[in-house]
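Peer 1: the amino acid sequence is not available; the structure is as follows:
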C-alpha cells in the first residue's frame, strides 16, 4: 500500500517534470515556430502514420502550423496559469481563512459571508463572467481563476485553525506573551500546510482544465498565443477530416491532469493522518 502511494507520486511527478522541462526548453525542443503559417502544408497528417510527409510528427493545422510545436509552447501557458493561480489563490485563501478561524467574531462572520457569495455561483460560470468583464489576456485569466479558487483554501484553513488555536502549544505560546499574529504565523499556519499542499495539487488540475475551457470559448489568452484550449477550438471544424487537430491537444490536457491527480492522490495518502498509518 505504501509502495503504491510513492509510485503515484513518482509517476505524477515525472509527468509534471517532463512538461516543465518541455515548457522551459520550448525554443530548443519545438521543431518549428508555433506561429509560422505554411498554407501549402495545411492539414498534413502525422508523419509517423505512413501518410504524412514534410517532417511534421503530429501533423499540421488548417493554417499549416506544426501541431507538436504548438503543443510544446502551449504547455507553457497551462503550467504558468496553473502554478500562478494556485499560489495566489492559496495565499489569499489561507490568509483569510487563518484570520477568520483565529480571531472569529466579526472577522469570521464577514469572511464567511464573502465565501458564501462566491460559492453561490458555479466555478466555471463565474470565471466566464469575470473574463467577459476583464477581457482577454494572460494576467486577466490568472486574476479570474484566482478569484474563483481561493474559497476552498479559506474554508479548509479556517476549520483547521479553529481546532489548532485551542491546542496546548498555542495556549502555552499565548500564556508566554506571544502576540496573536506571531502565534498565527509561527505556530498555527505551518500546521495547515499539509492540507493546503494537497488542495493546491488537485486545484492545479482544475485550473488547467478551466484555462483550456476559457481558451476554447475564446475568453482566454489572445489567439496569437498557442494554448491547448484554443487548439481544440480551432480543430473542432475539422474533426472528421483532420482528427489529429483535436486528438493531440486533448491528449496533452488529459496526460497533464492525470499526472497532477496522481501526484495529489499520493500526497494525500501520505500527508493525511487518517491514511498515513494504513499499509
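Peer 2: Looks like it came in fine. Note that the coordinates shown come from a computational prediction; the quantities given were computed from them, not determined experimentally. Numbering: from 1, shown residues only.

Peer 1: show me what the helix or strand containing residue 8 is packed against.
Peer 2: According to DSSP states H and E, residue 8 maps onto helix 2-24. Packing contacts for helix 2-24, counted by 3 or more CB pairs under 8 Å, 6 or more residues apart in numbering; DSSP states H and E, involve helix 67-103, helix 244-271. Backbone N, C-alpha and C define where each C-beta goes, glycine included.

Peer 1: quick one: buried residues of the first one?
Peer 2: Okay, so that is helix 67-103. 67-79, 81-86, 88-90, 92-102 (16 or more other CB atoms under 10 Å).

Peer 1: just say helix, strand or coil for residue 34.
Peer 2: Classification of residue 34 using DSSP: H, G, I helix; E, B strand; the rest coil returns coil.

Peer 1: next, count neighbours for it.
Peer 2: Neighbour count for residue 34, taken as other CB atoms under 10 Å: 18.

Peer 1: wait, it sits on residue 226?
Peer 2: Yes - the pair residue 34 / residue 226 is scored as a contact, 4.8 Å apart, by CB atoms under 8 Å.

Peer 1: neighbouring contacts of stretch 59-69?
Peer 2: Contact with stretch 59-69 is made by 30-47, 52, 54, 56-58, 70, 231, 234-235, 237-238, 242, 244-245, 248-249, as judged by CB atoms under 8 Å, 6 or more residues apart in numbering.

Peer 1: redo that, cut-off 6 Å
Peer 2: 30-32, 34, 37-39, 41-42, 44-46, 52, 56-58, 244-245, 248 (CB atoms under 6 Å, 6 or more residues apart in numbering).

Peer 1: centre of the chain to that stretch, how far?
Peer 2: From the chain centre to the centre of stretch 59-69 is a distance of 26 Å (CA atoms, centre = their mean, to the nearest Å).

Peer 1: could I get the average pLDDT for that stretch?
Peer 2: Regarding stretch 59-69, the rounded mean pLDDT is 91.

Peer 1: ok, stretch 124-137 next?
Peer 2: Averaging pLDDT along stretch 124-137 yields 89.

Peer 1: show me how far that stretch is from its chain's centre.
Peer 2: Distance of stretch 124-137 from its chain centroid, counting by CA atoms, centre = their mean, is 17 Å.

Peer 1: repeat that for stretch 186-201.
Peer 2: For stretch 186-201, the distance to the chain centre is 18 Å (CA atoms, centre = their mean).
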